[in-house]
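Undergrad: I would like to see how this sequence folds:
(2 chains)
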Number of protein chains: 2
Amino acid sequence: MPVGTQATVKALTPGDLRDAGAQMILANTYHLNLRPTAERIARLGGLHAFMGWDGPILTDSGGFQVFSLADLRRVDEDGVTFTSHLDGSSQRLTPERAMEIQALLGSDVAMAFDELVDPGLPRGEVAAAMERTHRWASRSLAARGGSDQAVFGIVQGGVDPELRRESVAAIAGLPFDGIAIGGLSVGESKAEMAATLSVVADALGSDARPRYLMGVGSPADFFTAVEHGVDLFDCVLPTRVARTGQVWTDAGRVNLRNTVLQDDPGPIDASCSCEACRNHSRAYLAHLFRARELLAYRLASVHNVTWTLELMRRLRASLADGSFGALRELVSAAFARPAEVRSDRAR
Amino acid sequence: MPVGTQATVKALTPGDLRDAGAQMILANTYHLNLRPTAERIARLGGLHAFMGWDGPILTDSGGFQVFSLADLRRVDEDGVTFTSHLDGSSQRLTPERAMEIQALLGSDVAMAFDELVDPGLPRGEVAAAMERTHRWASRSLAARGGSDQAVFGIVQGGVDPELRRESVAAIAGLPFDGIAIGGLSVGESKAEMAATLSVVADALGSDARPRYLMGVGSPADFFTAVEHGVDLFDCVLPTRVARTGQVWTDAGRVNLRNTVLQDDPGPIDASCSCEACRNHSRAYLAHLFRARELLAYRLASVHNVTWTLELMRRLRASLADGSFGALRELVSAAFARPAEVRSDRAR
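TA: Below is the predicted model of the structure:
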């Protein structure tokens, strides 16, 4: 799922997303409730009408954004009080309010409200947050807007195998429509992430509900996660790195600010069918980034979203035809190298 | 002609421009020669290939940008020495170099190199710059790249009727492919602009070459100019004001940052067929501008370019069916009002 934090995948129209092959997108409860507010979006016909996207939308519950606020939040058993990053006003989210906001937004999939903590905290604190997440999961389900909206529960428990198993038992034991794996890609190592995904996969066993790994990931991460049964992803990386000039290709990361690209008449990736690769050269994009032209951010974003969704299609196909290992090898090797160093200062 | 200063009409792709009905665009010699340089664009196949636009391109000669540099330029009989706004380096433009750059860019229409001055300067200075413009016009023609590239001469002379007549005689007496009217929309009054256009039209008489009014204008200005025989325009206004949230409609200017629009489910302009009006509400655009989302600048630009080109089509049709006066009345009345005041501080 491309990420449309503020009811827009940055720089792209709904038409661009369809052209890129997007099937479903994500939007953010925290951001949209602060501005323009869930009530306003509801008055305007809901999030699909508001942003002009008629495909499925998943809304996160705000748990991750509140976690990101660090010192600006205070958690109690009932919910979280936090300070708006926009105007400093005091705001409150509870499981009930998070579900109410998502019902107002009218997303197709709502997420239960969870408490995310740094997996490096003492085990007791990770466990306490996990247990609260389980109580909030039940309250989220009780507050769901109606059967039109699917609700996914979120497994927490940091990188502790026992806690993760306990969390899977609690969350999978509730009548959620899907199971999300939260609390990863927040500072743990790649090995810890893989080990945790393995524990969760074993604990879920043959549970047939869709599995969603939140906030992951990089191209290599997709393979690790799919290997452990994950179906659904969201990540801001493709669009965020695009706006800095980093594009993803079969040969790995390419930095469009790289000096040598100023004279490169070829496309970002010859095998890519996106608008940027069909119509424009690396040289043109290198110029647009240097000139800080708005079109630079748009074309690089179109490419990264298209390439990433195409990678997911190839990944699905590789599972069917047995080439998963070979594709993983190719992508992992390409992305193991650091991005080409920005060298335009050399001239 | 939408303006693609740095080989991009800001925020828009060539496909957007075609959808908006653009037939021809403008690009800037001054900017492109500083970055990425004319030689680099030539190596990459010329400006059409570089920016992916296969329609006609007119390049200005750099005269206007050099004029804008004010204290950073020094004019002599041979040309102009100026300081790059990018890196402070000393740069030189002469009629011969301006034509060479435009030949390297490979534009369809090149402009002669001219000396533009503030029309409020003493008559002697305006006359001296005009006379130099005439000498540079001959040198520009002598230096033209070949018959594949049309060259337009530029009439100067400030707002002085006698100087304008003298300039028309000099420029129209040379074998240019078209006649441009320069030195307007640089601080003179609307009445002075109209009077000057009238003088130029009378002096050109039945001259059949295309007439191009440079750097104009606002919707109301188009009518004044067309009344005086102008065929071709370029102006950054539609895209520049769009990026501030000002959109143009049949009801005049609308400021998308206006508080009341946050709840307006209607399109920018119900009669407009652009992507923004087809797919998005004023409320959504008001949100995007508040959130400083890149999509805001793109959608507002798509609308203003589409609306402006559609206005030109309606204007041409009105000449054929006799409704020019009525259309002018409608547009002038709508645009006589100031833009809706930005009132979002009220909440």
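Undergrad: where's A:R43 relative to A:G62, distance?
TA: A:R43 is 20 Å from A:G62, where distance means Cβ to Cβ, to the nearest Å. Using the backbone N, CA and C atoms, a C-beta is placed for each residue, glycine as well.
Undergrad: neighbour count winner among those two?
TA: The neighbour count for A:R43 versus A:G62, taken as other Cβ atoms under 10 Å in any protein chain shown, is higher for A:G62 (26 against 15).
Undergrad: I'd say A:D269 and A:G252 touch.
TA: No - using Cβ atoms under 8 Å, A:D269 is not in contact with A:G252; the gap is 10.5 Å.
Undergrad: neighbour count for those two, which is higher?
TA: A:D269 (21 against 17).
Undergrad: which parts of chain A sit against chain B?
TA: By Cβ under 8 Å from any Cβ of the partner chain, the part of chain A that sits against chain B consists of A:6-8, A:10-15, A:35-36, A:40, A:43-45, A:50-52, A:262-263, A:265, A:275, A:279-281, A:283-284, A:286-288, A:290-291, A:293-295, A:297-299.
Undergrad: which of those are buried? Put it as a PyMOL command.
TA: The following PyMOL line selects those of those that are buried, judged by 16 or more other Cβ atoms under 10 Å in any protein chain shown:
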select buried, chain A and resi 6+7+8+10+11+12+13+14+35+36+40+44+50+51+52+262+275+279+280+281+283+284+286+287+288+290+291+293+294+295+297+298+299
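Undergrad: give me the subset of the residues of chain A next to chain B that lies in helices.
TA: Among the residues of chain A next to chain B, the members found in helices (DSSP state H) are A:14-15, A:40, A:43, A:50-51, A:275, A:279, A:283-284, A:286-288, A:290, A:294-295, A:297-299.
Undergrad: give me the pLDDT value at A:R347.
TA: On the pLDDT scale, A:R347 is placed at 32.
Undergrad: secondary structure element for A:E131?
TA: helix A:123-142 (DSSP states H and E).
Undergrad: neighbouring contacts of that helix?
TA: Helix A:123-142 is contacted by residues A:61, A:75, A:77, A:94-96, A:98-99, A:112-117, A:119, A:151, A:153-154, A:156-158, A:160, A:163, A:166-167, A:170-171, A:174-176, A:182 when judged by Cβ atoms under 8 Å, 6 or more residues apart in numbering or on different chains.
Undergrad: for it, what is the average pLDDT?
TA: pLDDT averaged over helix A:123-142 gives 98.
Undergrad: in it, what's buried?
TA: A:126-127, A:129-134, A:136-137, A:139-141.
Undergrad: now, which of these sits nearest chain B?
TA: A:S140 (26.6 Å; Cβ to the nearest Cβ).
Undergrad: please, where are all the strands along chain A?
TA: For chain A, the strands defined by DSSP state E occupy A:3-4, A:25-28, A:57-60, A:73-75, A:80-83, A:90-93, A:109-111, A:150-155, A:178-181, A:211-213, A:232-233, A:246-249, A:252-255.
Undergrad: so which of those strands is nearest B:A320?
TA: With Cβ to Cβ as the measure, strand A:3-4 is the member of these nearest B:A320 (45.6 Å).
Undergrad: in contact with A:A326, which residues?
TA: A:S318.
Undergrad: wait, what's in contact with the residue lying closest to A:D269 once chain neighbours are set aside?
TA: Among residues not flanking A:D269 along the chain, A:T249 sits closest, at 4.0 Å (Cβ to Cβ, 6 or more residues apart in numbering or on different chains). For A:T249, the contacting residues are A:I268, A:D269, A:C272, A:W307, A:A334, by Cβ under 8 Å, 6+ apart.
Undergrad: let me know whether the fourth one touches A:W248 as I believe.
TA: Meaning A:W307. Yes - between A:W307 and A:W248 there is a contact under Cβ under 8 Å: 5.1 Å.
Undergrad: which neighbours do the two share?
TA: A:P238.
Undergrad: quick one: end-to-end length of stretch A:139-159, please.
TA: 25 Å (Cα to Cα, to the nearest Å).
Undergrad: can you pull the contacts of the closest residue to A:V241 other than its chain neighbours?
TA: Take A:V241 and drop its neighbours on the chain: the residue closest to it by Cβ to Cβ, 6+ apart is A:N304, 6.9 Å away. Residues near A:N304 by Cβ under 8 Å, 6+ apart: A:P238, A:T239, A:V241, A:A242, A:V247, A:W248.
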